[in-house]
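J.: Let me see the structure of the following:
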Amino acid sequence: TPSSSYAPAKQYPHMRGALSWKQATEEDFHGGKTEEAALDSRGRLSPALKEAARTKISPEMQVWSIKPFNDSVYRSAQNKILSWTGNSQPPALVTKLSCSFIPAIGIDSKGTVYASAAPGDKLYAVRGGKADILFRTGGHTVTSIYIDPSDNIYAGVAGEGKVWKYDAQQKSAKVIFDFG
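T.: Numbers count the residues shown, from 1 in each chain. All right, here's what the predicted structure looks like:
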């Protein structure tokens with residue numbers, strides 16, 4: 001007769017005891033199947049997902065950055081900045097830049113929209129639908145914009161690890177952090 005520790009196995013034949021093994025060398029992994037498995041950048045193994053369907057998303061739906069201001073929501077999509085008031089009307093075009101996409105936008109207390117353009121090193125100020133270059137980083141693309149309560153602009157630059165500050169009073173820009 002089986003001992004009482006095996007009784008659950010009789011009642012639940014679908015349950016099995018836990019198995020464990022050790023895989024420490026590369027050779028230990030060669031015998032297994034790799035289909036339908038995914039290994040992430042941290043080395044975690046998980047079931048791979050199969051693509052069930054593919055749908056093309058219109059460029060206006062590919063949002064890169066979003067900022068609220070007063071009763072509107074501003075967003076960058078492709079090379080456009082659009083604003084929407086949340087009503088049944090479609091978003092309104094604020095401006096269109098000569099670039100592939102706009103990775104970051106910010107809005108100061110006066111409603112001026114600031115936008116970076118990629119590829120490139122330009123930061124634009126958009127007033128009344130017209131975009132003017134505010135300053136250039138001389139390097140990589142601005143990917144992050146923060147505007148403080150005094151309307152000073154902080155711009156994080158990808159690839160260089162630099163943070164620029166545009167002083168709203170002095171109307172000048174300089175690097176204030178260099179993490180590169």
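J.: Tell me which residues are up against stretch 148-165.
T.: Stretch 148-165 is contacted by residues 104, 106, 108-110, 114, 116, 123, 134-135, 137, 139-147, 166-169, 173-180 when judged by CB atoms under 8 Å, 6 or more residues apart in numbering. Yep, even glycine has a C-beta here, placed from its N, CA and C like the rest.
J.: cutoff 7 Å now
T.: 106, 108-109, 114, 123, 137, 139-147, 166-168, 173-180 (CB atoms under 7 Å, 6 or more residues apart in numbering).
J.: In ChimeraX, select just the buried ones from these.
T.: The buried residues among the contacts of stretch 148-165 can be selected in ChimeraX (16 or more other CB atoms under 10 Å) with this line:
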select :106,108,114,123,137,140,141,142,143,145,147,166,168,173
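J.: neighbours around Ser116, how many?
T.: Neighbour count of Ser116, defined by other CB atoms under 10 Å: 31.
J.: give me phi/psi at it?
T.: The phi/psi pair for Ser116 (degrees, to the nearest 10) reads phi -100, psi 160.
J.: got the contact list for it?
T.: Taking CB under 7 Å, 6+ apart, one finds 102-104, 123, 141-143, 145 in contact with Ser116.
J.: Also Trp64?
T.: 76-77, 101-103.
J.: out of the residues you listed, what pair is the most spread apart?
T.: Farthest-apart pair in the contacts of Trp64 is Ala77 and Pro103; separation 11.3 Å (CB to CB).
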